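# heads up, no residue letters with this:
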């Protein structure tokens, strides 16, 4: 009985280290806009729309992983941690930032930058 409390504290402390990152807290990776400098404005807009859709899919997958991790942590004391979803989400967010920078450098029309593809930003 005297070891129960220290063991419980250890399990609870370790469980917090393995929790999944919420989708809103996943930051974009560094991506150079030079990758997109050969694209014209319509191509950049298409790429931005594609990346926005992919970001939404990955954010939902990361949210599902978060919910599953919280349930697992409640039951076992340990979460699942981040998986491939968080890595891909960070990459897509970095790509979106690079596309936006390329659009600004190419002076693409403002309606392309603030269109429906950017509604999730």
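That came through fine. Since the model is a prediction, treat every value here as computed from it, not as a measurement.
# Find the nearest non-adjacent residue to the spatially most central residue of the chain, please.
Centrality entry for the chain: nearest residue to the mean C-alpha point is residue 89, 3.4 Å, by Cα atoms, centre = their mean. Closest residue in space to residue 89, ignoring its immediate chain neighbours: residue 58 at 4.2 Å, by Cβ to Cβ, 6 or more residues apart in numbering. Backbone N, C-alpha and C define where each C-beta goes, glycine included.
# just checking, the one you found touches residue 88?
Yes. In this structure residue 58 lies within contact range of residue 88 using Cβ atoms under 8 Å: 5.4 Å.
# Comparing these two, which residue is more hemmed in?
With neighbours defined as other Cβ atoms under 10 Å, residue 58 and residue 88 compare such that residue 58 has more, 22 against 17.
# Now do the SS call for the more buried one.
Counting by DSSP: H, G, I helix; E, B strand; the rest coil, the backbone at residue 58 sits in helix.
# could you measure residue 23 against residue 46, distance?
With the distance defined as Cβ to Cβ, to the nearest Å, residue 23 ends up 24 Å from residue 46.
# actually residue 26, not the one I typed
When Cβ to Cβ is the yardstick, residue 26 and residue 46 sit 24 Å from each other.
# Among the two, which residue is more densely surrounded?
For residue 26 against residue 46, the residue with the higher neighbour count under other Cβ under 10 Å is residue 26, and the figures read 22 against 13.
# Tell me who's in contact with residue 55.
Contact criterion Cβ atoms under 8 Å, 6 or more residues apart in numbering gives 89, 92-93, 96, 120 as the residues in contact with residue 55.
# Go through those and say which is closest to residue 42.
Nearest to residue 42 among the contacts of residue 55, counting by Cβ to Cβ, is residue 96 at 16.9 Å.
# Give the burial count for the spatially closest residue to that closest one that is not a sequence neighbour, as a bare number.
Leaving out its chain neighbours, the residue that sits closest to residue 96 by Cβ to Cβ, 6+ apart is residue 51, at 4.7 Å. Residue neighbour count, defined by other Cβ under 10 Å, stands at 21 for residue 51.
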